[in-house]
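Undergrad: how does the following fold in three dimensions:
(2 chains, ligands or ions: 2)
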Amino acid sequence: MDWLFRFPQLDPEFLLAVKRAIDGALKALTRGYGQSIEDFFYPLQRVLIFFESTISNAPWPLVVIALAVIAWFAARRWAVVAAVVGTLIAIGLLGLWQDAMKTISLVFTSTIFAIAIGIPLGILMNRYKRVGGVMQTVLDVMQTMPPFVYLIPVVMLLGIGRVPGFIAVVIYAIPPIIRLTDLGIRLVDKEVLEAADAYGCSRSQKLWKVQIPLAMPTIMAGINQTIMMALGMVVIASMIGVQGLGLNVLQAIANQYFTQGIFNGFAIVGIAIIFDRISQAYGHRLQKHRGAAHD
Amino acid sequence: MGIACRSTGVQHMTSNNASIEIRDLYKIFGKSPAQHVDAVRSGMTKAELAKVHGQILGLNNINISMPAGKIQVVMGLSGSGKSTLIRHINRLIEPTSGSIMIDGRNVLDMSELELREFRRNHTAMVFQRFGLLPHRTVIDNVTFGLEVRGVEAAKSRDTAMGWIDRVGLSGFETRYPNELSGGMQQRVGLARALSNNASILLMDEAYSALDPLIRTDMQTMLLELQTELEKTIVFITHDLDEALRLGDQIVILRDGSIIQQGDSQDILLRPADDYIERFVKDVNRGRFIKVDAIMESLLQSESRSLPKLKSGLTLETAAKELTNSSYDSAFVTGDGGRPLGLISLRQITAALSSGAVA
Ligand SMILES: Nc1ncnc2c1ncn2[C@@H]1O[C@H](COP(=O)(O)OP(=O)(O)O)[C@@H](O)[C@H]1O
Ligand SMILES: [Mg+2]
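TA: Numbering: from 1, shown residues only, chains lettered A, B, ... in the order given. Ligands and ions are numbered 1, 2, ... in the order given. Predicted coordinates for the structure are as follows:
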């Protein structure tokens, strides 16, 4: 009866060989093409460094004013502007200004990239149903996979640093924007689409004049989720060399610095609130005329 | 019997020669529609097709000649195939078989590009729930068709402003659809359609979502516009009053088949079957039946001196005038007072109450 209590597994030698083969292939790939892969991502690295140094080296009052202005244009409400300014001041007073700027820069750039890649993918997913089905499955896997797991190939290919951290964040944060772009387009009122066809819209006219604008509130909800996930990934990405608030948290865990952990944690929450309020408020303003069109 | 009077007036000369000829049109919704057309041709009903093959018969052997510059009403209960039919005219729905000739071209043979050009320039559509773009203001909704066509912005704005004014929405140009009442939204829908300057106007239950009073206003507006524009209008409704009021010609559908075609007089006075008779029963007949439809032809030597009633008067008005005149019959007169026929109060009362007229 022994076999009942031991699950029959593949030959351990065989499993070991498989693992070795795959890892070996990846390593060989890195060894062979490591330099060209790095060269390929060099422009990206320049962009990331540019953003980070711009926002980190800017005079702090300028940053506060700039974010306040963005908040005003997105939300058109003083309460939101006040919340943003208040949070920034609190972060600065806690001595976390520089780290916060690095984190904001990372979240900002990775969100921009996620949007730039995610919205077209969402459109494709909507247009080609077959592709859509496959992508749906891939997204499901991506969203359930523990984020640590895809740090591994990224690190193997690109080592440790800004770019691999950035790529890990983008991969982790991109599913919602893809999904909600697709969903938003699917939810567009059938009669409005019929009107677009009846007036002789071409496919791209229909997409840009009707589908995307009407899907915009849903897409904004996706962008909001993407931002939140990118922020959530900040701590994990610090394991592979991303600087900023996440790294402080990581150090705090390693050294059991409770207060440092709490302060940095709150700073991350503060940044989350800033991004969330701004993007949500913008989403609501979009919603104003795009909700139910009739009474 | 003098029935053919409705369209005897001189036809206005118009550039609109967009008559619509629908021939042998069939539409089956399902996985393998083409296989079942022959069965339907040889008499399979909608219910049988659904039961045996699980496919839905949308349209069954439709033949209609819609004259240019007239209002063609298509009437029927919900699910009878009205929307399916009107969507074949601009091919929002692909047919299973048949042809639709407009101005010498078969819509069903057009390539994708030709179809797009046809929709942009020759047809415009008005929808039951308006189909407006909620993120655009009134003016930007009205210019939509022109914008799609690539008309210069300033020019389409001018055109749009003109139509916004015509439908009575001046001052609302910068409002959003969800700030307007249903009736006003449909005026936007109509202005958008008219801006296109297309000869064919497709209206799918355009007024069904509106309150009765507003609906009557909109009907009046459409009739006024039509005397001037003379478009070929296909108007869908499930409301007989609306059909009788607007329709130069009326087609009645049931289960995807035509069960009667004719003008309002034909429908009211000679309903083809029980189904239509039930529709007709509740209508205020006096308001729609015309004296021409029930008058007697003149004997050669009618020398009595009788009051005159104009051709085209409704029975309601005719009865009122006769009662006031202390005669019990009158001449129906055409152009220049020429007598066309004779009508009596007794005939009028009979036509008002009875189902059919001998
Ligand atoms: N896309 C479709 N697929 C299957 N059946 C349809 C489809 N569109 C319409 N039908 C069916 O065709 C019939 C006619 O529908 P429709 O033209 O919408 O009727 P109406 O406009 O007169 O209410 C109905 O039985 C409806 O269920
Ligand atoms: Mg319908």
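
Undergrad: show the pLDDT at the one residue in the stretch 151-295 of chain A that gets nearest to ligand 1.
TA: Residue of the stretch 151-295 of chain A nearest ligand 1, by CB to the nearest ligand atom: residue A:190 (10.5 Å). (Glycine included, C-beta is placed from N, CA and C.) In this model, residue A:190 is scored at 94, pLDDT.

Undergrad: same thing with the one 10 residues further on?
TA: For residue A:200, the model assigns a pLDDT of 96.

Undergrad: what about it, how many neighbours?
TA: Neighbour count of residue A:200, defined by other CB atoms under 10 Å in any protein chain shown: 22.

Undergrad: so it: helix, strand or coil?
TA: Under DSSP: H, G, I helix; E, B strand; the rest coil, residue A:200 falls in the coil class.

Undergrad: longest helix of the chain?
TA: Just so you know, I chose chain A. Counting residues, the longest helix in chain A under DSSP state H turns out to be helix A:12-57.

Undergrad: correction: the question concerned chain B.
TA: Longest helix in chain B, counting by DSSP H: helix B:212-229.

Undergrad: what average pLDDT does whichever helix or strand comes after that helix get?
TA: Using DSSP states H and E, the helix or strand that follows helix B:212-229 towards the C-terminus is strand B:232-237. Averaged over strand B:232-237, pLDDT sits at 97.

Undergrad: strands paired with strand B:232-237, and their directions?
TA: Sheet partners assigned to strand B:232-237 using DSSP bridges are listed as strand B:71-75 (parallel), strand B:200-204 (parallel).

Undergrad: let's have those in JSON lines, adding mean pLDDT and mean neighbour count.
TA: Formatted as JSON lines, those follow (pLDDT from 0 to 100; neighbours: other CB atoms under 10 Å in any protein chain shown):
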{"stretch": "strand B:71-75", "mean pLDDT": "97", "mean neighbour count": "25"}
{"stretch": "strand B:200-204", "mean pLDDT": "97", "mean neighbour count": "25"}
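
Undergrad: and for residue A:10, the neighbour number?
TA: Residue A:10 sits with 8 neighbouring residues when counted by other CB under 10 Å.

Undergrad: and the gap between it and residue A:244?
TA: Going from residue A:10 to residue A:244 by CB to CB, to the nearest Å gives 43 Å.

Undergrad: ditto for residue A:186
TA: Distance of residue A:186 to residue A:244, computed by CB to CB: 37 Å.

Undergrad: out of the two, which sits in the busier spot?
TA: A direct count of neighbours by other CB under 10 Å for residue A:186 and residue A:244 places residue A:244 higher, at 29 against 13.

Undergrad: now do the same contact list for that one.
TA: Residues in contact with residue A:244 (CB atoms under 8 Å, 6 or more residues apart in numbering or on different chains) are A:99, A:100, A:102, A:103, A:106, A:234, A:238.

Undergrad: for those, work out which two are farthest apart.
TA: Largest separation among these by CB to CB: A:100 and A:238, giving 13.6 Å.

Undergrad: comparing these two, which residue is more hemmed in?
TA: The neighbour comparison of residue A:100 against residue A:238 (other CB under 10 Å) goes to residue A:100, with 25 against 21.

Undergrad: what residues sit buried inside stretch B:63-73?
TA: By 16 or more other CB atoms under 10 Å in any protein chain shown, the buried positions in stretch B:63-73 come out as B:64, B:66, B:68, B:69, B:70, B:71, B:72, B:73.

Undergrad: that stretch: end-to-end distance?
TA: Its first and final residues considered, stretch B:63-73 spans 14 Å by CA to CA, to the nearest Å.

Undergrad: anything in the longest helix of chain B near chain A?
TA: No: using CB under 8 Å from any CB of the partner chain, helix B:212-229 stays clear of chain A, coming no nearer than 13.1 Å.

Undergrad: which strands and helices sit next to that helix?
TA: Here helix B:212-229 touches helix B:182-195, helix B:240-246, going by 3 or more CB pairs under 8 Å, 6 or more residues apart in numbering or on different chains; DSSP states H and E.

Undergrad: now the ones you listed in TSV, with mean neighbour count, distance to ligand 1 and mean pLDDT?
TA: Putting the helices and strands packed on helix B:212-229 into TSV (neighbours: other CB atoms under 10 Å in any protein chain shown; distance: least, CB to the nearest ligand atom, whole Å; pLDDT from 0 to 100) gives the following:
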stretch	mean neighbour count	distance to ligand 1	mean pLDDT
helix B:182-195	24	17	96
helix B:240-246	22	13	94
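
Undergrad: go through the ones you listed and name the closest to residue B:39.
TA: Nearest to residue B:39, of all those, is helix B:240-246, at 31.7 Å by CB to CB.

Undergrad: so what's the residue most central in space within chain A up against?
TA: The centre of chain A sits closest to residue A:173, judged by CA atoms, centre = their mean, with a distance of 3.1 Å. Residues in contact with residue A:173 (CB under 8 Å, 6+ apart) are A:110, A:111, A:114, A:226, A:227, A:229, A:230, A:233.

Undergrad: how about residue B:236?
TA: Contact analysis of residue B:236 by CB under 8 Å, 6+ apart lists B:73, B:74, B:75, B:82, B:83, B:85, B:86, B:203, B:204, B:205, B:206.

Undergrad: please report the distance of the fifth one from residue A:190.
TA: The gap separating residue B:83 from residue A:190 is 12 Å, by CB to CB.

Undergrad: try the fourth one
TA: With the distance defined as CB to CB, residue B:82 ends up 17 Å from residue A:190.

Undergrad: the more surrounded of the two?
TA: With neighbours defined as other CB under 10 Å, residue B:82 and residue A:190 compare such that residue B:82 has more, 24 against 10.

Undergrad: how deep is residue A:222 tucked in, by neighbour count?
TA: 27.

Undergrad: how about the one 3 residues further on?
TA: Neighbour count of residue A:225, defined by other CB under 10 Å: 18.

Undergrad: can you list the contacts of residue A:173 in JSON lines and add pLDDT and distance to residue B:177?
TA: Listed next are the contacts of residue A:173 as JSON lines, based on pLDDT from 0 to 100; distance: CB to CB, whole Å:
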{"residue": "A:110", "pLDDT": "95", "distance to residue B:177": "37"}
{"residue": "A:111", "pLDDT": "95", "distance to residue B:177": "32"}
{"residue": "A:114", "pLDDT": "96", "distance to residue B:177": "33"}
{"residue": "A:226", "pLDDT": "95", "distance to residue B:177": "30"}
{"residue": "A:227", "pLDDT": "94", "distance to residue B:177": "31"}
{"residue": "A:229", "pLDDT": "93", "distance to residue B:177": "35"}
{"residue": "A:230", "pLDDT": "93", "distance to residue B:177": "36"}
{"residue": "A:233", "pLDDT": "91", "distance to residue B:177": "41"}
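
Undergrad: just those: which are in helices?
TA: Among the contacts of residue A:173, DSSP H puts A:110, A:111, A:114, A:226, A:227, A:229, A:230, A:233 in helices.

Undergrad: which of these has the largest number of neighbours?
TA: Going by other CB under 10 Å, residue A:110 tops these with 29 neighbours.

Undergrad: thinking again about what came up before, tabulate the helices and strands packed on helix B:212-229 (JSON lines), appending distance to residue A:57.
TA: As requested, the helices and strands packed on helix B:212-229 are exported to JSON lines (distance: least, CB to CB, whole Å):
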{"stretch": "helix B:182-195", "distance to residue A:57": "52"}
{"stretch": "helix B:240-246", "distance to residue A:57": "71"}
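
Undergrad: tell me which of those helices sits nearest to residue A:130.
TA: helix B:182-195 (35.7 Å).

Undergrad: residue of the stretch 1-150 of chain A closest to chain B, please.
TA: Nearest residue of the stretch 1-150 of chain A to chain B: residue A:127, at 16.0 Å (CB to the nearest CB).
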